[in-house]
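A.B. asks: please work out how this folds:
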Amino acid sequence: MAPPARNTYHILATDEIDGEGLELLANEPALRLDVVPTLPPAELLERIGDYDALVGRSATRISEELLRRGTRLRVVGRAGVGVDNIALDVATELGIAVINAPAGNTIAVAELFFGELIALLRHIPRADGAMHAGRWDRSKFLGSELRGRALGIVGLGRIGSEVAIRARAFGMPLIGYDPYIADERFQSLHVRRAASLDELLAAVDVLTVHTPLTDETTRMIGRRELAKLPPGAVVANLARGGIVDEDALGAALASGELRGAMVDAYTVEPLPTDHPLRSAPNALLTPHIGASTAEAQRNVAVDVCLAVRDALLRGELSRSINIASVNGLGWTELQPALTVARRAAAIARALLAERGVRLVRQLVLRCGPELAGGTGALLSAAAIGALEGIVESDRLNLINARTLAQMHGLALSVTESPQLEHPRAIEVSLSHSMETITIAGVAAAELPPRITRIGAFHVDITPRDTLVILTNHDVPGVIGRVGTLLGAAGINIAEYHQARLLQGGEALAAISVDGTVTEETRRALVELPDVRSAAVVHFRGA
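C.D. replies: Numbering: from 1, shown residues only. Just a heads-up that it's a prediction; the model follows:
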C-alpha cells in the first residue's frame, strides 16, 4: 500500500490509548491527531469519513459498515493482540491495513506466573485474608520455596522463553517440551529437552503451559496427563482456556493429587459462578489479567502507534496482518496463489509428521513468472502452512510468518522458475535432514486452486476443507475399500484422485472430503489391506 497523495493524515484515537504511544503520532507534523473517548457506534459512523487512520482497543467495534463509511481509511490499529472486534475480511477487501501489537504482553504474563506461583506456595492470599479478619495464624502458613523445584514448560515460544529465563534466577531446574522448536533454542535457554510430554510430566514439580489453542493442544493436559505428575505438583494455565481440561483439573485438586493450580484463562469467560474451580481452596484464580499491566498497555500502544505512523508516512506494512496489494498484484488476483502456497506447505508438513518428522528445518518455494511480483507474500503464505498449529493463530499472518519461521529454526528461500509446468505454478518443498517432501500446485486465473503433484505422484485435486493422502500397493480393490470405510464413517468424498508410478507397484490417493476426519478413522484406513500410510490435512484457512 503506497501512502495516499495527501500532505496531512488525520488520525482518530479512542478507547483510552496510552499517552506514550499517542505522543508518537502527535509529534509528527504530517499527522493530525484527535483523541476522543469511546464513541457510540452511531456517532463514530458519522465521524469516520474524516479520518485516514483509526487507533483503538477492544471497546470499539470496527464493523463492516464502519469500514465502508471510512472512505479515507488506510490503516486500522489495534493496541492489543486480538483483532476479533475488526471485520478483517472487509478491511482486506477495501485495502485497509490492519495492525495489532502481539508481543506487548510477554513480560506481563511471565511475571504474573511467578507472582501467582509464589503466592500459592507461600499461602499469601490466605495469610492476607486471615490478617484482615483479625487472626494471627502464623503456624498455618508453612510454605515452600521455588529453589530446587523442577519447572516443566510446555511451549517454548515468546512467553515460555521469558518464564525460563526468570526461573533460572530462582534456581529452578528447567525441562521443556516443544516439538516445533529447534535444539539451539533449548540450549540457549538452559532448558533440558523432554522427548515427549509424558517424559516431562513425570519429572516436574510445577507444570506451566504456554501454547496456542489448536486441535493438537485442546485438552492437552487432561485426566491422564494430570495423573502422571508427581504427587503434590502444581499446574498453571495462563495461556488459553481449554489447554488444561478444567473438569479434570478440579477433580485432581479435590482428590489431593495436586498441591495447587493457577488459572488465568478459561474455556468459558467470564467464568460461571458455579464453576467447580471457584470452590477449590487450593486453586488461585484470576480473571484473565495476564496482559493487565500499565507497562503492557504502554508497550502495545507504542508498538501500534509506531506501525500506524510508518504505514501512513512511508507505506510501510511490515506490521500489517493483511495485504491490499503486492507489487502490482491485487489481493483478489493473489489470493488463489496464496491458498496454493499455504496448503501445499500444510500437506508437506502433514506428510512429514506422518513419517515421524515434526521439526522442519527448511522451506523452499518456487513459483512461475506470472507470480514473480508476489514472491514475498507467497513465501509468507507457505510459512503459515508450515507453522499452523505450532504458533498462536492470532499471531500468525502473512507479515510475521517469516519472522516466526526464523524463531522456530525454519530456513526460508524463494525463487522464480520459468521451468515449472504453468506460469502460475507453485512448488513447495519442506525438509528435515535427508527427508524432503515436495508439493506442487497451480493457481490459474478463474479456476479453483489445484494441487498437481505430491512427491513423485502427479495428481489434480482441489484442496478443500480436508485432504486425505494414502499410499498403497497398486492392486485392485483398494479404492472400493477406502470409499466404503469413509462412507461408513459418514464422510462425504468430494474428489478422489488415484495416481501411480510407472514402475514399482506404488500408488497414491489424494481424497478431498467434506468435514473432519478423526484420528480413529485415519488409523482404520491404515489398517485396510494394501494401504501403507494415511495422512490427514485439515486446512485452517485460505
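A.B. asks: pLDDT of stretch 507-527, averaged?
C.D. replies: For stretch 507-527, mean pLDDT is 93.
A.B. asks: from start to finish, how long is it in a straight line?
C.D. replies: Counting by CA to CA, to the nearest Å, you get 16 Å between the two ends of stretch 507-527.
A.B. asks: where does the prediction get shaky in the protein?
C.D. replies: 1-6, 82, 84, 318, 323-332, 392-395, 397, 399-400, 502-504, 541-542 (pLDDT under 70).
A.B. asks: specify the residue ranges that define each domain of it.
C.D. replies: The record's domain split for the chain, according to automatic domain parsing, is 9-104+295-322, 106-285, 326-455, 463-542.
A.B. asks: mean neighbour count for those - can I get that in TSV?
C.D. replies: (C-beta placed from N, C-alpha, C; glycine too.) Below are the domains of the chain laid out as TSV (neighbours: other CB atoms under 10 Å):
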stretch	mean neighbour count
domain 9-104+295-322	19
domain 106-285	18
domain 326-455	20
domain 463-542	16
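A.B. asks: ok, longest helix in this protein?
C.D. replies: Longest among the helix segments of the chain by residue count, using DSSP state H, is helix 331-354.
A.B. asks: output the helix or strand that that one is followed by as CSV, nothing but the C-alphas.
C.D. replies: Per DSSP states H and E, the first helix or strand lying C-terminal to helix 331-354 is strand 362-367. What follows is strand 362-367 as a C-alpha-only set of coordinates in CSV (Å, rounded to 0.1, in the frame of the first residue of the first chain):
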residue,chain,number,x,y,z
GLN,A,362,13.9,-25.8,5.5
LEU,A,363,11.2,-24.5,3.2
VAL,A,364,11.9,-23.8,-0.4
LEU,A,365,9.3,-22.1,-2.6
ARG,A,366,9.4,-21.9,-6.4
CYS,A,367,6.8,-20.1,-8.5
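A.B. asks: which neighbouring elements make contact with strand 362-367?
C.D. replies: If contacts are counted by 3 or more CB pairs under 8 Å, 6 or more residues apart in numbering; DSSP states H and E, strand 362-367 sits against helix 331-354, helix 375-387, strand 411-416, strand 425-432.
A.B. asks: now that strand: how far from the chain's centre is it?
C.D. replies: 22 Å (CA atoms, centre = their mean, to the nearest Å).
A.B. asks: ok, stretch 256-266 next?
C.D. replies: 24 Å.
A.B. asks: can you get me the start-to-end distance on that stretch?
C.D. replies: For stretch 256-266, the end-to-end distance is 22 Å (CA to CA).
A.B. asks: name the residues that touch it?
C.D. replies: Under the criterion CB atoms under 8 Å, 6 or more residues apart in numbering, residues 112-113, 116-117, 120-121, 226-227, 229, 231-241, 243-244, 246, 249, 252-253, 275, 277, 280, 282-290 lie in contact with stretch 256-266.
A.B. asks: restricted to strands, list the residues you listed.
C.D. replies: Residues of these located in strands (DSSP state E): 233, 234, 235, 236, 237, 283, 284, 285.
A.B. asks: closest to residue 138 out of the residues you listed?
C.D. replies: Of all the ones in strands among the contacts of stretch 256-266, residue 284 has the smallest distance to residue 138: 20.6 Å, by CB to CB.
A.B. asks: measure the closest one to residue 119 for me?
C.D. replies: 6 Å (CB to CB, to the nearest Å).
A.B. asks: which neighbours do those two share?
C.D. replies: Joint contacts of residue 284 and residue 119 (CB under 8 Å, 6+ apart) are residue 125.
A.B. asks: packing partners for the longest helix of the chain?
C.D. replies: Using 3+ CB pairs under 8 Å, 6+ apart: helix 331-354 touches strand 325-326, strand 362-367, helix 375-387, strand 425-432, strand 435-442, strand 450-454, strand 466-473, strand 531-538.
A.B. asks: can I get those in CSV with distance to residue 199?
C.D. replies: Formatted as CSV, the helices and strands packed on helix 331-354 follow (distance: least, CB to CB, whole Å):
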stretch, distance to residue 199
strand 325-326, 44
strand 362-367, 27
helix 375-387, 24
strand 425-432, 21
strand 435-442, 24
strand 450-454, 34
strand 466-473, 30
strand 531-538, 25
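A.B. asks: who wins for proximity to residue 306 among the ones you listed?
C.D. replies: Once the helices and strands packed on helix 331-354 are compared by CB to CB, helix 375-387 is nearest, at 21.0 Å.
A.B. asks: out of the helices and strands packed on helix 331-354, nearest to residue 85?
C.D. replies: Nearest of the helices and strands packed on helix 331-354 (CB to CB): helix 375-387, 22.5 Å.
A.B. asks: residues contacting the closest one, please?
C.D. replies: Contacts for helix 375-387 (CB under 8 Å, 6+ apart): 180, 323, 326, 334, 337-339, 341-349, 360, 363, 365, 367, 371, 396-399, 401-402, 404-405, 408, 410, 412, 414, 416, 426, 428, 430.
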